[in-house]
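**Q** Return a 3D structure for these sequence lines:
(one chain, ligands or ions: 1)
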Amino acid sequence: MSLKSRTAVVTGSTSGIGLCIARALAGEGANIVINGFGDAAAIETERAAIEKDFGVTCAYSGADMTKAADIAAMIKEAETKFGSVDILVNNAGVQFVSPIEDFPIEKWDQIIAINMSAAFHAIRAAFPGMKARNWGRIINTASAHSKAASPFKSAYVTAKHGLDGLNKTVALEGATFGITSNCISPGYVWTPLVEKQIPDTMKARNLTKEQVIHDVLLAAQPTKQFVTVDQVASLALWLCSDAAAQVTGANISMDGGWTAA
Ligand code: NAD
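**A** A predicted model of the protein is given here:
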């Protein structure tokens, strides 16, 4: 597969799954816009590494996924710089774990904004160009939590279920325009997001770190292994291929059997 004439915007790609997907797409020749927060020097190192490792052009957007105007501007800037946005990976996501009666309202609003509404704003901005060119690939990093719930994750589970609804709607609207939209739904992938939620889960459930890893995180994952970022990126790459042209509106699990149970 070659993505040489394509441009991909990957939200939340300064670390974890998003960074791995961005590098995989660059590996097939796509120009890339990475996005997300973090240390400016570290982000610049990652951006420059993508250009050096793969011989593509890689731009960075600091767009805040809680801000509709930032998201629209990010897509517009990418179209202006590269001529098109052909692949959009809605990947930015945050987590917060708390019993619902104590769940901070601002955390609810933030998770709904970043994990769900940001995808709407990005798709809304990128869709006209994809339609005009009769080709587009939209990939939403959902979660096993787009199919099943866990306690103490009300906002995350709600946002990810909503993302799947958006995905199906977009698939139907893009169907006759060569645009596919799909969700990838990983179980637990070893990334900073998972690492960061361990202390909150320890507190919420009164458990040690080891208990959280083995009895909570991997409890639901029958294979008892974390998914790797490379495995998720391979699926994203396949969804961009011609072989996947008829795969749309799907929510593909990569969860070690979690949602089979
Ligand atoms: P991560 O924390 O490594 O990456 C999250 C990315 O989102 C970072 O680049 C961060 O800077 C960015 N981000 C956060 N808030 C932002 C904002 N307001 N604006 C712009 N960017 C913002 O986490 P990850 O595990 O790689 O998660 C990536 C996606 O995968 C998320 O949507 C997450 O819900 C999903 N996911 C992760 C797992 C897992 O086990 N790690 C499992 C299922 C789904």
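**Q** Just give the number of residues close to the residue nearest to Thr11 when sequence neighbours are not counted.
**A** Nearest non-adjacent residue to Thr11, counting by CB to CB, 6 or more residues apart in numbering: Ala92, 4.1 Å away. The way it works is simple: take the backbone N, C-alpha and C, and place the C-beta from them, glycine included. Ala92: 26 surrounding residues under other CB atoms under 10 Å.
**Q** try Lys147
**A** 18.
**Q** need the contact list for it.
**A** Lys147 is in contact with 161, 164, 185, 251, 253, 259, counting by CB atoms under 8 Å, 6 or more residues apart in numbering.
**Q** pLDDT value on it, please?
**A** The model reports Lys147 with a pLDDT of 98.
**Q** How about Lys67?
**A** Looking at Lys67, its pLDDT reads 98.
**Q** Look up how far Gln110 lies from it.
**A** 12 Å (CB to CB, to the nearest Å).
**Q** cool, and Ala155?
**A** Distance, Ala155 to Gln110, using CB to CB: 8 Å.
**Q** Just name the shakiest helix or strand of the chain by mean pLDDT.
**A** helix 192-205 (a mean of 86; mean pLDDT, DSSP states H and E).
**Q** Tell me the spacing between the most centrally placed residue in the chain and Leu237.
**A** For the chain, the residue nearest the mean C-alpha position is Asn91 (1.7 Å; CA atoms, centre = their mean). The gap separating Asn91 from Leu237 is 14 Å, by CB to CB.
**Q** do the same with Asn115
**A** Distance of Asn115 to Leu237, given as CB to CB: 23 Å.
**Q** what do you get for Ala125?
**A** 23 Å.
**Q** for Asn35, same thing?
**A** Plainly put, Asn35 is 19 Å away from Leu237 if you go by CB to CB.
**Q** Name the helix or strand for Ala59, please.
**A** Using DSSP states H and E, Ala59 sits in strand 58-61.
**Q** what's the closest residue to Tyr60 other than its chain neighbours in contact with, if anything?
**A** Distances taken as CB to CB, 6+ apart place Arg47 nearest to Tyr60, at 5.0 Å, with adjacent residues excluded. Arg47 makes contacts with 34, 58-60, as judged by CB under 8 Å, 6+ apart.
**Q** Out of these, who's the most crowded?
**A** Of all the contacts of Arg47, the highest neighbour tally under other CB under 10 Å goes to Ile34, namely 25 neighbours.
**Q** Bridge partners for that residue, pull those for me.
**A** Ile34 has these beta-bridge partners by DSSP bridges: Val10, Tyr60.
**Q** isn't it right up against Val10?
**A** Yes: using CB atoms under 8 Å, Ile34 makes contact with Val10 at a distance of 6.1 Å.
**Q** what does the stretch 1-150 of the chain put close to the ligand?
**A** 12-18, 35-38, 64-66, 91-94, 114-115, 141, 143 (CB under 6 Å from any ligand atom).
**Q** could you dump the least confident helix or strand of the chain to PDB, C-alpha only?
**A** The C-alpha atoms that make up helix 192-205 are tabulated as PDB, following Å, rounded to 0.1, in the frame of the first residue of the first chain:
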ATOM      1  CA  PRO A 192       0.500   6.700  29.400                       C
ATOM      2  CA  LEU A 193      -3.400   7.000  29.600                       C
ATOM      3  CA  VAL A 194      -3.600   3.500  31.200                       C
ATOM      4  CA  GLU A 195      -0.600   4.200  33.500                       C
ATOM      5  CA  LYS A 196      -2.200   7.500  34.600                       C
ATOM      6  CA  GLN A 197      -5.500   6.000  35.700                       C
ATOM      7  CA  ILE A 198      -3.900   3.500  38.000                       C
ATOM      8  CA  PRO A 199      -3.600   5.800  41.000                       C
ATOM      9  CA  ASP A 200      -7.300   6.900  40.700                       C
ATOM     10  CA  THR A 201      -8.400   3.300  40.400                       C
ATOM     11  CA  MET A 202      -6.200   2.300  43.400                       C
ATOM     12  CA  LYS A 203      -8.000   5.100  45.400                       C
ATOM     13  CA  ALA A 204     -11.600   4.300  44.100                       C
ATOM     14  CA  ARG A 205     -11.300   0.600  44.800                       C
END
